[in-house]
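Q: Structure for this input, please:
(one chain, ligands or ions: 1)
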Amino acid sequence: MQMATVHNPTRKATGRVWLITGASSGFGQALTEAALAAGDTVVAAARRPEVLDSLAAAHPDRMFPVALDVTDPARITAVVAEVLLWYGRIDVLVNNAGRGLVGAVEESTDRELRDLMDLHFFGPAALTRAVLPHMRRQGSGAIVQMSSMGGRFSFAGVGAYSATKFALEGLSEALALEVAPFGIKVLIVEPGAFRTGFAGGGALQQSAAIPAYEETVGPVRAALPSTDGKQPGDPAKAAAAILAAMEAKETPLRLPLGNDAADAISAHLHASREETLTWESVSRSTDFDD
Ligand code: NDP
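A: Okay, the predicted model is just below:
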């Protein structure tokens with residue numbers, strides 16, 4: 001993409017300029033509110049931007065809802081161009097828009113997999129590509145990737161969801177190394193269960209069930225929707241933690257959030273290390289002898 005230099009922005013930004021996707025609910029809304037409370041300017045992207053009208057009215061000149069479905073590459077290009085036309089800069093991109101999908105690998109259709117990859121991987125990758133020339137020009141910026149504890153490990157029933165978040169994490173791990181010399185930070189956020197719209201209101205999709213998977217996937221299929229409104233994680237506290245990590249001198253590459261995520265990721269890392277050590281001699285036995 002051509003690097004557009006905006007000489008005469010049409011609006012004056014207060015504080016940093018954020019572009020947050022999926023800002024109409026949950027983490028996206030909590031981050032929008034936290035950024036506004038920090039005195040920054042937020043372009044809040046949502047499929048139904050009108051949901052954000054009252055928040056925008058409460059913050060005139062600092063909060064602007066825009067229509068964006070992140071699976072629409074043309075809209076991604078247009079929205080980034082619009083923000084640059086307004087402010088001449090983007091300081092923080094938050095790739096947050098997402099949803100859950102429960103299903104055994106055999107149950108999830110090709111269409112379901114591709115749609116979720118569009119939402120969790122190709123959309124965020126396109127947004128990242130679109131903002132990078134400008135962040136490089138600025139010599140600063142932050143890209144926050146909302147992954148999941150399911151982006152670090154997986155379990156029965158969430159293979160498709162994890163695949164999309166693993167993809168985002170792999171891309172972002174390389175990205176962090178590539179853009180650090182330009183003063184750009186990358187933060188991968190790995191929440192456990194948080195009280196957002198994620199598990200309720202039809203947001204969580206379920207693949208058509210095959211009875212053979214009742215024992216392994218059935219309990220997850222039933223349990224996830226029943227967590228709605230009872231999840232331990234507080235999105236406002238998550239937003240505060242994300243801001244603190246982003247502003248830290250040494251921003252971590254990955255930030256698990258919630259006791260459930262901290263416990264499960266630690267247990268997974270431990271098990272993974274044990275397995276690596278158990279098989280280490282086999283791993284080391286496969287090089288040529290010369
Ligand atoms: P919510 O359902 O509350 O919010 C999801 C947001 O994503 C909504 O604003 C929704 O918009 C938006 N969205 C969905 N599809 C699209 C699309 N195609 N284009 C643009 N926006 C879209 O859930 P969360 O706040 O929990 O989800 C945010 C992120 O957090 C997701 O990436 C999710 O995977 C991740 N996450 C959530 C966890 C949790 O327990 N809550 C745990 C781990 C990760 P609309 O209102 O139009 O549907």
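
Q: Give me the contacts around the lengthiest strand in the chain.
A: When the chain is parsed with DSSP state E, its longest strand is strand 184-191. Applying Cβ atoms under 8 Å, 6 or more residues apart in numbering, the external contacts of strand 184-191 come out as 27, 132, 135-136, 140-149, 151-152, 168-169, 172-173, 175-176, 179, 233, 238, 242, 245-246, 251-258, 261, 265. C-beta: built from backbone N, CA, C; applies to glycine.

Q: show me the contacts for the most centrally placed residue in the chain.
A: Nearest to the mean C-alpha position of the chain, by Cα atoms, centre = their mean, lies residue 146 at 2.0 Å. Applying Cβ under 8 Å, 6+ apart to residue 146 gives the contacts 27, 94, 95, 96, 98, 189, 191.

Q: redo that, cut-off 10 Å
A: By Cβ atoms under 10 Å, 6 or more residues apart in numbering, the residues touching residue 146 are 20-22, 26-28, 31, 94-98, 120, 124, 165, 168, 187-191, 238, 242.

Q: now it: how far from residue 18?
A: Distance of residue 146 to residue 18, computed by Cβ to Cβ, to the nearest Å: 14 Å.

Q: What of residue 194?
A: According to Cβ to Cβ, residue 194 and residue 18 sit 20 Å apart.

Q: One more: residue 157?
A: 34 Å.

Q: can you check residue 71 too?
A: On the measure of Cβ to Cβ, residue 71 and residue 18 end up 21 Å apart.

Q: same check, this time on residue 254
A: Taking Cβ to Cβ, one finds residue 254 at 21 Å from residue 18.

Q: Please identify which of those two sits among more neighbours.
A: Counted by other Cβ atoms under 10 Å, residue 254 and residue 18 do not tie: residue 18 has more neighbours, with 27 against 19.

Q: Confirm the more buried one sits in a strand?
A: Yes - assigned with DSSP: H, G, I helix; E, B strand; the rest coil, residue 18 falls within a strand.
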